[in-house]
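Chemist: Coordinates only, no sequence provided:
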Ligand SMILES: [Zn+2]
């Protein structure tokens, strides 16, 4: 279900107002269609509220006896911080140890999108992704690590441009078994991918 026409026109009106309150001329060429564009953009950036993880995963769960660590790393991630409605963006690394089942690899980024396209805090986003994977796969272990830059820290507030925030959620063997945890960290080869990345 997408946002209704009525909702979109209400948001458009509100943003028009906001632009005016900030002292701009909403009738000038560059701005006249901005409220409508903004409403559409916000619909997309919050579309995760209307997505269902089980529907997205569908039949992409497969029986598999292997119980070796699976890692999908450097998954691009864009979200909006719920305190300022400004973007935070970076990379997610997801790992799990199968327990009889594996998931189609392309589904992992799509699960991340369901939770990142909302108003978020990085901490909650990280645990929502790990608990969904735990629920769906019942794996021996699951780990989610997110490294992100927060525009609310970079453009305002403390104005720190190069610091980024790392959050992690480790469940099962990654939390309880030092060997699995060490293997994961060795495979990830040290973080800081955000600094080397292209965003
Ligand atoms: Zn913020």
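Modeler: Here it is on my side, so go on. This one's a predicted model, so the numbers in the text were calculated from it and none came from an experiment. Numbering: from 1, shown residues only.

Chemist: for the ion, what are the nearby residues on the chain?
Modeler: Proximity of the chain to the ion, by C-beta under 5 Å from the ion, involves residues 81, 83-84, 152. C-beta coordinates here come from the backbone N, C-alpha and C atoms, glycine included.

Chemist: do that again at 8 Å, thanks
Modeler: Within reach of the ion by C-beta under 8 Å from the ion, the chain has these residues: 81-84, 86, 88, 150-153, 157.

Chemist: Narrow those residues to those in strands?
Modeler: 81, 88, 150 (DSSP state E).

Chemist: and the least confident of those?
Modeler: Lowest pLDDT among these: residue 150, with 94.

Chemist: List the residues that contact that residue.
Modeler: By C-beta atoms under 8 Å, 6 or more residues apart in numbering, the residues touching residue 150 are 81, 86, 88, 122, 164-165.

Chemist: Distance of the residue most central in space within the chain relative to residue 33?
Modeler: Centroid-nearest residue in the chain, with C-alpha atoms, centre = their mean: residue 116, separated by 3.1 Å. Note on residue 116: its distance to residue 33, by C-beta to C-beta, to the nearest Å, is 27 Å.

Chemist: What are the boundaries of the strands in the chain?
Modeler: Assigned by DSSP E, the chain shows strands spanning 61-64, 70-81, 87-97, 100-103, 119-120, 141-150, 165-172.

Chemist: Of those, flag the one that's most buried.
Modeler: Greatest average neighbour count among the strands of the chain goes to strand 141-150 (a mean of 24), per mean count of other C-beta atoms under 10 Å.

Chemist: can you give me the angle that strand makes with strand 165-172?
Modeler: 170 degrees (axes from the mean of the first three to the mean of the last three C-alpha atoms, to 10 degrees).

Chemist: Run me through the strand neighbours of strand 141-150, direction for each.
Modeler: strand 87-97 (antiparallel), strand 165-172 (antiparallel) (DSSP bridges).

Chemist: picking that back up, now, which of the contacts of residue 150 sits nearest the ion?
Modeler: Ranked by distance to the ion (C-beta to the ion), these are led by residue 81 at 3.4 Å.

Chemist: quick revisit: wait, isn't the residue nearest to the centre of the chain in contact with residue 46?
Modeler: No - under the criterion of C-beta atoms under 8 Å, residue 116 makes no contact with residue 46, lying 10.3 Å away.

Chemist: Residue ranges of each domain in the protein, please.
Modeler: 5-45, 59-198 (automatic domain parsing).

Chemist: Determine which stretch of those is the most buried.
Modeler: Mean neighbour counts for the domains of the chain (mean count of other C-beta under 10 Å) peak at domain 59-198, with a mean of 17.

Chemist: from the middle of its chain, how far away would that domain be?
Modeler: Distance of domain 59-198 from the chain centroid (C-alpha atoms, centre = their mean, to the nearest Å) equals 8 Å.
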